[in-house]
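**Student:** below are the sequence and a predicted model for it; my questions follow.
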Amino acid sequence: MVMKVSTSMFFDRASAQLGNVQGSLAKTQEQLSTAKQITKPSDEPDKASLVTRLESEIARQKSYQGNLKAMEIRLKAQETAFNNTSDVMYRMKELATQAANDTYSDADRKTIALEMTELRNQMLSLANSQDSNGNYLFAGSRVSQMPFGPDAKGVIVYKGDQTRMVVGVGDNRRMNQNIPGSDAFGNVVRDDSKGGRVGIGFFQSLGDLIDAVKGSNRVAIQRGISEIDTLQQSLSDATAQVGTDLNVIDSQNNVLDEINLRLKTTMSDVQDLDFTEAITKMNKDQLALEAAQSSFAKISKLSLFNYIG
(Lines give C-alpha, C1' and ligand atoms only; values in the text may rest on other atoms or scores of the structure.)
Protein backbone atom coordinates (compact mmCIF):
# COMPACT_ATOMS: atom_id res chain seq x y z
CA MET A 1 0.00 0.00 0.00
CA VAL A 2 1.41 3.39 -1.02
CA MET A 3 0.66 6.41 1.14
CA LYS A 4 0.34 9.63 -0.83
CA VAL A 5 1.44 12.74 1.00
CA SER A 6 0.61 16.05 -0.64
CA THR A 7 2.78 19.14 -0.50
CA SER A 8 -0.13 21.10 0.98
CA MET A 9 -0.32 18.72 3.98
CA PHE A 10 3.33 19.32 4.79
CA PHE A 11 2.81 23.04 4.32
CA ASP A 12 -0.24 23.16 6.61
CA ARG A 13 1.51 21.24 9.37
CA ALA A 14 4.62 23.38 9.16
CA SER A 15 2.54 26.55 9.11
CA ALA A 16 0.59 25.47 12.19
CA GLN A 17 3.78 24.52 14.04
CA LEU A 18 5.36 27.84 13.15
CA GLY A 19 2.28 29.73 14.37
CA ASN A 20 2.23 27.84 17.68
CA VAL A 21 5.88 28.54 18.36
CA GLN A 22 5.49 32.21 17.42
CA GLY A 23 2.45 32.50 19.74
CA SER A 24 4.28 30.88 22.64
CA LEU A 25 7.29 33.14 22.16
CA ALA A 26 5.12 36.27 21.90
CA LYS A 27 3.30 35.33 25.13
CA THR A 28 6.57 34.80 27.01
CA GLN A 29 7.95 38.12 25.74
CA GLU A 30 4.79 39.90 26.87
CA GLN A 31 5.06 38.26 30.30
CA LEU A 32 8.64 39.48 30.59
CA SER A 33 7.68 43.01 29.59
CA THR A 34 4.87 43.17 32.18
CA ALA A 35 6.55 40.99 34.85
CA LYS A 36 3.20 39.19 35.16
CA GLN A 37 2.23 35.58 34.57
CA ILE A 38 -1.24 36.60 33.43
CA THR A 39 -1.34 39.18 30.64
CA LYS A 40 -4.93 38.49 29.58
CA PRO A 41 -7.80 37.05 31.64
CA SER A 42 -8.39 34.47 28.94
CA ASP A 43 -4.91 33.02 29.54
CA GLU A 44 -5.87 31.56 32.93
CA PRO A 45 -9.46 32.49 33.86
CA ASP A 46 -9.31 31.00 37.37
CA LYS A 47 -6.13 32.85 38.31
CA ALA A 48 -7.39 36.05 36.69
CA SER A 49 -10.58 35.84 38.76
CA LEU A 50 -8.54 35.32 41.93
CA VAL A 51 -6.37 38.34 41.11
CA THR A 52 -9.49 40.49 40.66
CA ARG A 53 -10.81 39.39 44.05
CA LEU A 54 -7.45 40.06 45.71
CA GLU A 55 -7.24 43.53 44.13
CA SER A 56 -10.71 44.32 45.46
CA GLU A 57 -9.77 43.10 48.94
CA ILE A 58 -6.53 45.13 48.96
CA ALA A 59 -8.46 48.24 47.89
CA ARG A 60 -10.93 47.72 50.76
CA GLN A 61 -8.12 47.39 53.30
CA LYS A 62 -6.53 50.55 51.88
CA SER A 63 -9.85 52.34 52.38
CA TYR A 64 -9.88 51.26 56.03
CA GLN A 65 -6.35 52.60 56.48
CA GLY A 66 -7.45 55.90 54.94
CA ASN A 67 -10.28 56.09 57.46
CA LEU A 68 -7.86 55.41 60.29
CA LYS A 69 -5.51 58.15 59.10
CA ALA A 70 -8.36 60.68 58.92
CA MET A 71 -9.53 59.60 62.40
CA GLU A 72 -6.04 59.93 63.82
CA ILE A 73 -5.70 63.49 62.53
CA ARG A 74 -9.12 64.42 63.92
CA LEU A 75 -8.54 62.79 67.31
CA LYS A 76 -5.13 64.42 67.72
CA ALA A 77 -6.73 67.80 67.02
CA GLN A 78 -9.34 67.03 69.70
CA GLU A 79 -6.64 65.93 72.12
CA THR A 80 -4.74 69.19 71.58
CA ALA A 81 -7.90 71.23 72.18
CA PHE A 82 -8.64 69.31 75.40
CA ASN A 83 -5.09 69.67 76.72
CA ASN A 84 -5.03 73.39 75.99
CA THR A 85 -8.43 73.85 77.59
CA SER A 86 -7.25 72.01 80.70
CA ASP A 87 -4.22 74.28 80.95
CA VAL A 88 -6.44 77.35 80.73
CA MET A 89 -8.83 75.83 83.27
CA TYR A 90 -6.02 75.42 85.79
CA ARG A 91 -5.20 79.10 85.44
CA MET A 92 -8.89 79.94 85.84
CA LYS A 93 -9.02 78.00 89.09
CA GLU A 94 -5.82 79.62 90.30
CA LEU A 95 -7.30 83.08 89.75
CA ALA A 96 -10.60 82.11 91.38
CA THR A 97 -8.72 80.82 94.42
CA GLN A 98 -6.89 84.13 94.67
CA ALA A 99 -10.17 86.02 94.40
CA ALA A 100 -11.58 84.00 97.30
CA ASN A 101 -8.74 85.24 99.51
CA ASP A 102 -9.78 87.93 102.01
CA THR A 103 -6.58 89.88 101.35
CA TYR A 104 -7.85 90.96 97.91
CA SER A 105 -9.93 94.09 97.53
CA ASP A 106 -13.03 94.48 95.38
CA ALA A 107 -10.91 96.38 92.85
CA ASP A 108 -8.40 93.53 92.79
CA ARG A 109 -11.18 91.05 92.09
CA LYS A 110 -12.49 93.14 89.20
CA THR A 111 -9.00 93.03 87.69
CA ILE A 112 -8.87 89.27 88.21
CA ALA A 113 -12.29 88.97 86.56
CA LEU A 114 -10.94 90.67 83.43
CA GLU A 115 -8.27 88.00 83.00
CA MET A 116 -10.80 85.27 83.77
CA THR A 117 -13.06 86.63 81.03
CA GLU A 118 -10.21 86.38 78.54
CA LEU A 119 -9.53 82.83 79.68
CA ARG A 120 -13.16 81.87 79.24
CA ASN A 121 -13.13 83.33 75.72
CA GLN A 122 -9.99 81.35 74.98
CA MET A 123 -11.72 78.15 76.11
CA LEU A 124 -14.75 79.03 74.01
CA SER A 125 -12.52 79.33 70.97
CA LEU A 126 -10.99 75.92 71.73
CA ALA A 127 -14.45 74.37 72.14
CA ASN A 128 -15.28 75.73 68.68
CA SER A 129 -12.13 74.28 67.09
CA GLN A 130 -12.29 73.25 63.43
CA ASP A 131 -10.36 70.74 61.38
CA SER A 132 -8.48 71.50 58.15
CA ASN A 133 -11.72 71.17 56.19
CA GLY A 134 -13.50 73.74 58.32
CA ASN A 135 -15.62 71.15 60.15
CA TYR A 136 -16.24 71.74 63.84
CA LEU A 137 -14.65 69.06 66.01
CA PHE A 138 -17.17 69.09 68.87
CA ALA A 139 -20.54 69.63 67.18
CA GLY A 140 -21.52 65.96 66.94
CA SER A 141 -22.87 65.39 63.42
CA ARG A 142 -23.61 69.09 62.89
CA VAL A 143 -20.06 69.70 61.71
CA SER A 144 -20.92 72.87 59.79
CA GLN A 145 -22.53 74.56 62.81
CA MET A 146 -20.55 76.27 65.57
CA PRO A 147 -21.19 74.04 68.60
CA PHE A 148 -21.05 76.71 71.32
CA GLY A 149 -22.68 80.10 71.03
CA PRO A 150 -25.08 82.50 72.75
CA ASP A 151 -28.78 81.76 73.05
CA ALA A 152 -31.49 84.43 72.95
CA LYS A 153 -30.52 85.51 76.48
CA GLY A 154 -26.82 85.75 75.65
CA VAL A 155 -25.93 82.60 77.61
CA ILE A 156 -23.32 80.38 75.91
CA VAL A 157 -25.01 77.03 75.22
CA TYR A 158 -24.29 73.87 73.26
CA LYS A 159 -25.87 73.90 69.79
CA GLY A 160 -24.50 70.66 68.40
CA ASP A 161 -25.99 67.20 68.90
CA GLN A 162 -24.95 64.09 70.82
CA THR A 163 -24.16 62.00 67.74
CA ARG A 164 -20.99 59.94 67.77
CA MET A 165 -20.05 59.43 64.13
CA VAL A 166 -19.00 55.88 63.31
CA VAL A 167 -16.43 54.88 60.67
CA GLY A 168 -15.47 51.45 59.32
CA VAL A 169 -11.85 50.61 60.11
CA GLY A 170 -11.86 46.91 59.26
CA ASP A 171 -14.11 44.03 58.31
CA ASN A 172 -16.79 44.01 61.03
CA ARG A 173 -14.84 46.70 62.93
CA ARG A 174 -16.12 50.24 63.48
CA MET A 175 -14.98 53.13 65.67
CA ASN A 176 -16.32 56.44 66.93
CA GLN A 177 -14.41 59.34 65.41
CA ASN A 178 -15.67 62.15 67.63
CA ILE A 179 -16.68 63.17 71.13
CA PRO A 180 -19.69 65.52 71.25
CA GLY A 181 -19.00 68.86 72.89
CA SER A 182 -21.78 68.23 75.39
CA ASP A 183 -19.74 65.31 76.77
CA ALA A 184 -16.30 66.91 76.81
CA PHE A 185 -17.45 70.35 77.93
CA GLY A 186 -19.93 68.93 80.37
CA ASN A 187 -22.52 70.35 82.72
CA VAL A 188 -22.53 70.80 86.47
CA VAL A 189 -25.53 70.20 88.71
CA ARG A 190 -26.79 72.77 91.21
CA ASP A 191 -29.58 72.98 93.72
CA ASP A 192 -32.32 75.29 92.51
CA SER A 193 -34.52 77.59 94.57
CA LYS A 194 -37.30 75.01 94.66
CA GLY A 195 -35.22 72.32 96.30
CA GLY A 196 -34.61 70.49 93.03
CA ARG A 197 -31.52 69.93 90.92
CA VAL A 198 -30.70 71.73 87.67
CA GLY A 199 -27.98 71.30 85.08
CA ILE A 200 -25.75 74.26 84.29
CA GLY A 201 -23.70 74.38 81.10
CA PHE A 202 -19.90 74.54 80.97
CA PHE A 203 -19.64 78.17 79.89
CA GLN A 204 -22.58 79.32 81.98
CA SER A 205 -20.83 77.95 85.06
CA LEU A 206 -17.64 79.82 84.15
CA GLY A 207 -19.63 82.97 83.44
CA ASP A 208 -21.34 82.76 86.82
CA LEU A 209 -17.93 82.36 88.47
CA ILE A 210 -16.63 85.47 86.71
CA ASP A 211 -19.70 87.40 87.83
CA ALA A 212 -19.14 86.18 91.38
CA VAL A 213 -15.54 87.42 91.30
CA LYS A 214 -16.64 90.78 89.93
CA GLY A 215 -19.22 91.10 92.69
CA SER A 216 -16.92 89.77 95.42
CA ASN A 217 -19.50 87.06 96.20
CA ARG A 218 -17.31 84.67 98.18
CA VAL A 219 -19.99 81.96 98.50
CA ALA A 220 -20.55 81.91 94.75
CA ILE A 221 -16.79 81.99 94.16
CA GLN A 222 -16.31 78.88 96.32
CA ARG A 223 -19.15 77.17 94.46
CA GLY A 224 -17.50 78.09 91.16
CA ILE A 225 -14.15 76.70 92.27
CA SER A 226 -15.85 73.41 93.14
CA GLU A 227 -17.60 73.39 89.75
CA ILE A 228 -14.29 73.90 87.97
CA ASP A 229 -13.17 70.58 89.43
CA THR A 230 -16.27 68.91 87.95
CA LEU A 231 -15.75 70.56 84.57
CA GLN A 232 -12.10 69.58 84.63
CA GLN A 233 -13.08 65.96 85.24
CA SER A 234 -15.26 65.97 82.11
CA LEU A 235 -12.30 67.21 80.11
CA SER A 236 -10.01 64.61 81.68
CA ASP A 237 -12.45 61.82 80.84
CA ALA A 238 -12.69 63.03 77.24
CA THR A 239 -8.91 63.28 76.95
CA ALA A 240 -8.51 59.76 78.30
CA GLN A 241 -11.06 58.48 75.77
CA VAL A 242 -9.17 60.11 72.91
CA GLY A 243 -5.93 58.55 74.16
CA THR A 244 -7.58 55.13 74.22
CA ASP A 245 -8.95 55.62 70.70
CA LEU A 246 -5.51 56.63 69.40
CA ASN A 247 -4.03 53.44 70.89
CA VAL A 248 -6.76 51.40 69.20
CA ILE A 249 -5.93 53.11 65.89
CA ASP A 250 -2.28 52.08 66.24
CA SER A 251 -3.32 48.50 66.99
CA GLN A 252 -5.79 48.37 64.10
CA ASN A 253 -3.19 49.78 61.70
CA ASN A 254 -0.90 46.89 62.68
CA VAL A 255 -3.72 44.42 61.99
CA LEU A 256 -4.37 45.95 58.57
CA ASP A 257 -0.64 45.94 57.75
CA GLU A 258 -0.55 42.20 58.43
CA ILE A 259 -3.66 41.60 56.31
CA ASN A 260 -2.22 43.66 53.43
CA LEU A 261 1.09 41.79 53.60
CA ARG A 262 -0.72 38.45 53.41
CA LEU A 263 -2.91 39.60 50.51
CA LYS A 264 0.01 41.04 48.55
CA THR A 265 2.07 37.89 49.13
CA THR A 266 -0.79 35.79 47.75
CA MET A 267 -1.15 38.21 44.83
CA SER A 268 2.56 37.92 44.09
CA ASP A 269 2.42 34.12 44.16
CA VAL A 270 -0.50 34.13 41.73
CA GLN A 271 0.57 36.72 39.18
CA ASP A 272 4.24 37.68 39.52
CA LEU A 273 6.54 36.17 36.93
CA ASP A 274 9.44 33.83 37.66
CA PHE A 275 12.00 35.60 35.47
CA THR A 276 14.52 32.73 35.44
CA GLU A 277 11.89 30.28 34.29
CA ALA A 278 10.45 32.72 31.73
CA ILE A 279 13.87 33.54 30.20
CA THR A 280 14.70 29.83 29.93
CA LYS A 281 11.36 29.23 28.18
CA MET A 282 11.93 32.19 25.83
CA ASN A 283 15.32 30.83 24.81
CA LYS A 284 13.78 27.43 24.09
CA ASP A 285 10.97 29.07 22.13
CA GLN A 286 13.49 31.04 20.07
CA LEU A 287 15.40 27.87 19.20
CA ALA A 288 12.15 26.12 18.36
CA LEU A 289 11.10 29.07 16.21
CA GLU A 290 14.37 28.99 14.27
CA ALA A 291 13.92 25.28 13.66
CA ALA A 292 10.30 25.74 12.60
CA GLN A 293 11.22 28.61 10.29
CA SER A 294 13.95 26.50 8.67
CA SER A 295 11.56 23.59 8.14
CA PHE A 296 8.87 25.89 6.82
CA ALA A 297 11.32 27.45 4.34
CA LYS A 298 12.32 24.02 2.99
CA ILE A 299 8.74 22.81 2.70
CA SER A 300 7.72 26.00 0.95
CA LYS A 301 10.17 25.10 -1.90
CA LEU A 302 8.73 21.64 -2.37
CA SER A 303 6.32 20.69 -5.12
CA LEU A 304 4.72 17.43 -6.17
CA PHE A 305 7.57 16.82 -8.67
CA ASN A 306 10.05 16.49 -5.78
CA TYR A 307 8.29 13.21 -4.86
CA ILE A 308 8.43 11.72 -8.41
CA GLY A 309 11.48 9.54 -8.69
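**Tutor:** Nice, I can see it.
**Student:** quick one: contacts for the residue nearest in space to the middle of the chain?
**Tutor:** Note on the chain: the residue nearest the mean C-alpha position is N67, at 2.1 Å, using C-alpha atoms, centre = their mean. With contacts taken as C-beta atoms under 8 Å, 6 or more residues apart in numbering, N67 has the following neighbours: 167-169. From N, CA and C alone the C-beta is placed, and that goes for glycine too.
**Student:** out of those, give me the one that has the most neighbours.
**Tutor:** Greatest neighbour count in these, by other C-beta atoms under 10 Å, goes to V169: 22 neighbours.
**Student:** thinking again about what came up before, which pLDDT does the model give the residue nearest to the centre of the chain?
**Tutor:** Reading off the per-residue confidence, N67 sits at a pLDDT of 95.
**Student:** A139 and S193: what is the separation?
**Tutor:** Computed with C-beta to C-beta, to the nearest Å, the distance linking A139 and S193 is 33 Å.
**Student:** more neighbours: those two, which one.
**Tutor:** Regarding A139 and S193, a neighbour count based on other C-beta under 10 Å identifies A139 as having more, with 25 against 6.
**Student:** where exactly do the helices run in the chain?
**Tutor:** Along the chain, the stretches classed as helices by DSSP state H are 7-34, 45-99, 106-127, 181-184, 202-214, 218-271, 275-300.
**Student:** got the contacts of N67 as CSV, with distance to A184 columns?
**Tutor:** What follows is the contacts of N67, written out as CSV (distance: C-beta to C-beta, whole Å):
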residue, distance to A184
V167, 19
G168, 24
V169, 22
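**Student:** need the residues that contact stretch 157-170.
**Tutor:** Contacts made with stretch 157-170 from outside it, assessed by C-beta under 8 Å, 6+ apart, are listed as 64, 67-68, 70-71, 136, 138-142, 145-151, 174-183, 185, 201-204, 249, 252, 255-256.
**Student:** on that earlier part again, so which of the helices of the chain gets nearest I156?
**Tutor:** helix 202-214 (3.6 Å; C-beta to C-beta).
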